[in-house]
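Participant: just coords:
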Ligand SMILES: [Zn+2]
């Protein structure tokens, strides 16, 4: 992603099924942002909207940008709306995009990765997914439900008052297995501290990669679900050329199945950390801060996607390490 | 840099970002609209103005005079297409509001008059309405169907209307009642189209970082690649400096690429990059009957390129960047719009004659 301009407007993406508590959360955000100029892009006019805030009704319109590749898509409606909104002298302070329960979050995220016009004006803060703890079990068969969890940076397990503690723990484990980087909160009535979902900077490459320690501690993950996370932590130094070649091939061949990835790498000959992230076939990486003297240099990578087991990620990554150094 | 080509003739300020500027066909009047919703008509020479619509919160995004200069149309985020009848006396700025077509919950950001009839085409989501301004009735509603209409253009002959959107460009014949369109495929979404003034070529700027150019009667396009981002703006020259094809300017991110078709047998298109802007280019336009190219950008510069090659002059005066520009049809004036509401009209520098 091209470095966004200083005055770039933060964007929060809200996903989740109808009835999960999305609208309640949206109204909480709007109340919290009272006095600021917030534009809300919704798919149906609901009971949202407070003074000073603009509610825009949008059709979720998917545009291709790579000759039919299903994972290289952007949201045409967002490009048009953001371009138009940012012309105003009194520009917006915050943009909230609510997607329908049936929407794939990927084109929304990809829009902020590839459209240069959008990039100069707005930057993704976080994808927040509201999950109905009581009803999600009915939706495990649906791709959208899995994708919304897989793409999330923050997950609200809402309506926890309607399920048993036992069921909640199992649900959390299942979600954690799918998405090892999201922060999960238990909520009732979508009640959450606003700094947990706003100003998260989840797409800022400079931010530390946070793999849930519980995910790493668990010895055996149940990878029977089609959507899962794989985290790799390896000492040693990486051969930059080998890594490039591997990731290039992986994204080209398996891009549609890789939803998100993030990583911090110790590249041979570099004093700085290399940080990267990806969404489907889109990849961005850059040099980060120098390794601190007291820091153990290591490589951490997280993949979230479908059928990851069969991609042999761990073996392939190890083959990119400089031999004999670990 | 060489001697200046243009001088500032007059300037004024609208309440917000100038979204579009349009000249009357005789060049006597300039119309402008803003993100604050204003619609204003100016006298080209003096800058005297008349507000046809005050600011109203929602942006007006498109404005155009009909080919005979009798009508002015404007539309924007309110979904309202307003059509005014201009006074017959070109010195008179006032206009009578004739029609307001309401289209709730639709942003109308693209409108074009037929090249010689009082027929107005404008986008309404996934279709276009063609409106007869004299009869005040709908002529046709060609539907793009597969996506929103992103741009539209009349063929200079007036016989065809072309719409662009996701994955294709579709052309309807006017004389068969806008029946089945001819479809040209594009690799991504076509965000900008332009038909050359001689009617020979159709160009499409696409979000897959390509530019496609078709000969009007040929289904197979030339594909131009190597753009760093989506191709946002297109302009054709009216003149054909190479003796065959007009020049095509394509704006992409901070750069502008000028294409010309080589005269040799294999008819390749060759290009050069105009690389002076340091922020996204918002508009490109050739001076009528000339190869002088004007490019506006958010870096607060309008650059004038002699023969579409050499930077000849830089115009300044919009601190937050330039948003749009338009040459008067006779090429006498260049109007520029700014992101902060600046409207500036530049005229040709008169060089002293009889002294040398
Ligand atoms: Zn792809």
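Facilitator: Received, thanks. Since we're looking at a predicted model, the values are computed, not measured.

Participant: count the neighbours of the closest residue to residue B:49 other than its chain neighbours for me.
Facilitator: Leaving aside its sequence neighbours, residue B:49 sits nearest to residue B:42 (CB to CB, 6 or more residues apart in numbering or on different chains; 4.9 Å). For glycine as for every other residue, the C-beta is placed from the backbone atoms N, C-alpha and C. When counting by other CB atoms under 10 Å in any protein chain shown, one arrives at 23 neighbours for residue B:42.

Participant: the residue in the stretch 51-200 of chain B that the ion sits nearest to: which element?
Facilitator: Going by CB to the ion, the ion is nearest to residue B:188 of the stretch 51-200 of chain B, at 11.9 Å. Element membership of residue B:188, judged by DSSP states H and E, is strand B:182-195.

Participant: so where's the stretch 1-150 of chain B shaky on pLDDT?
Facilitator: Confidence mapping of the stretch 1-150 of chain B against pLDDT under 70 gives the ranges B:1-2.

Participant: ok, which stretches of it are strands?
Facilitator: B:6-13, B:18-23, B:29-34, B:39-43, B:49-53, B:60-65, B:71-76, B:81-86, B:95-101, B:111-113, B:119-124, B:127-132, B:137-140 (DSSP state E, counting those that start in this stretch).

Participant: and what of the stretch 201-326 of chain A?
Facilitator: For the stretch 201-326 of chain A, the strands defined by DSSP E, counting those that start in this stretch cover A:227-235, A:258-265, A:272-279, A:282-290, A:298-306.

Participant: please identify the most buried of those strands.
Facilitator: Neighbour counts (mean count of other CB atoms under 10 Å in any protein chain shown) averaged over each of the strands of the stretch 201-326 of chain A peak at strand A:258-265, with a mean of 24.

Participant: sheet partners, orientation included, of that strand?
Facilitator: Its sheet considered, strand A:258-265 pairs with strand A:272-279 (antiparallel), strand A:298-306 (antiparallel) by DSSP bridges.

Participant: I'd like the ones you listed written out as CSV, with mean pLDDT and distance to residue B:165 added.
Facilitator: CSV is the format used below for the strands paired with strand A:258-265 (pLDDT from 0 to 100; distance: least, CB to CB, whole Å):
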stretch, mean pLDDT, distance to residue B:165
strand A:272-279, 94, 24
strand A:298-306, 94, 31
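
Participant: which of the ones you listed sits closest to the ion?
Facilitator: Closest to the ion of the strands paired with strand A:258-265 is strand A:272-279 (CB to the ion; 10.0 Å).

Participant: which helices and strands does the helix or strand containing residue A:177 pack with?
Facilitator: Here residue A:177, judged by DSSP H and E, is contained in helix A:165-178. For helix A:165-178, the packing partners by 3 or more CB pairs under 8 Å, 6 or more residues apart in numbering or on different chains; DSSP states H and E come out as helix A:143-150, strand A:154-158, strand A:183-186, helix A:213-217, strand A:227-235.

Participant: who touches it?
Facilitator: For helix A:165-178, contacts defined as CB atoms under 8 Å, 6 or more residues apart in numbering or on different chains pick out A:131, A:133, A:136-137, A:146, A:149-150, A:155, A:157, A:160, A:163, A:182, A:184, A:186, A:212, A:214-215, A:221-223, A:225, A:227-229, A:304.

Participant: now residue B:186: closest residue in space that isn't a chain neighbour?
Facilitator: Leaving aside its sequence neighbours, residue B:186 sits nearest to residue B:206 (CB to CB, 6+ apart; 5.1 Å).

Participant: partners of the one you found in the sheet?
Facilitator: Beta-bridge partners recorded for residue B:206 (DSSP bridges): residue B:190.

Participant: check contacts around it.
Facilitator: Neighbours of residue B:206 in contact, by CB under 8 Å, 6+ apart: B:186, B:187, B:188, B:189, B:190, B:191, B:212, B:230, B:231.

Participant: so what's the residue count around residue 207?
Facilitator: Going with chain A. 14.

Participant: let's do chain B instead
Facilitator: 29.

Participant: and the pLDDT at it?
Facilitator: According to the predicted model, the pLDDT of residue B:207 comes to 95.

Participant: is it correct that it is in contact with residue B:167?
Facilitator: No - the criterion here is CB atoms under 8 Å, and residue B:207 misses it with residue B:167 at 10.3 Å.

Participant: find residues that contact each of the two.
Facilitator: B:188, B:189, B:190.

Participant: ok, residue B:193 to chain A distance?
Facilitator: Residue B:193 sits 15 Å away from chain A, going by CB to the nearest CB, to the nearest Å.

Participant: what is the nearest of the contacts of residue B:206 to residue B:125?
Facilitator: Nearest to residue B:125 among the contacts of residue B:206, counting by CB to CB, is residue B:189 at 15.0 Å.

Participant: I figured that closest one hits residue A:76, correct?
Facilitator: Yes - Residue B:189 lies in contact with residue A:76 (CB under 8 Å); the separation is 6.1 Å.

Participant: joint contacts of those two?
Facilitator: Contacts common to residue B:189 and residue A:76, judged by CB under 8 Å, 6+ apart, are A:63, B:147, B:150, B:166.

Participant: mind picking the two most distant members of those residues?
Facilitator: The most distant members of the shared contacts of residue B:189 and residue A:76, if one measures by CB to CB, are A:63 and B:150, lying 9.1 Å apart.

Participant: more neighbours: which of the two?
Facilitator: Legend: neighbour count by other CB under 10 Å for residue A:63 and residue B:150, higher for residue A:63 (28 against 25).

Participant: and residue A:110, what are its phi and psi?
Facilitator: Main-chain dihedrals, residue A:110, degrees, to the nearest 10: phi -60, psi -30.

Participant: helix, strand or coil: sort out the residue in the stretch 201-350 of chain B that chain A sits nearest to for me.
Facilitator: The minimum distance from the stretch 201-350 of chain B to chain A, using CB to the nearest CB, falls at residue B:229 (4.0 Å). Going by DSSP: H, G, I helix; E, B strand; the rest coil, the secondary structure assigned to residue B:229 is coil.
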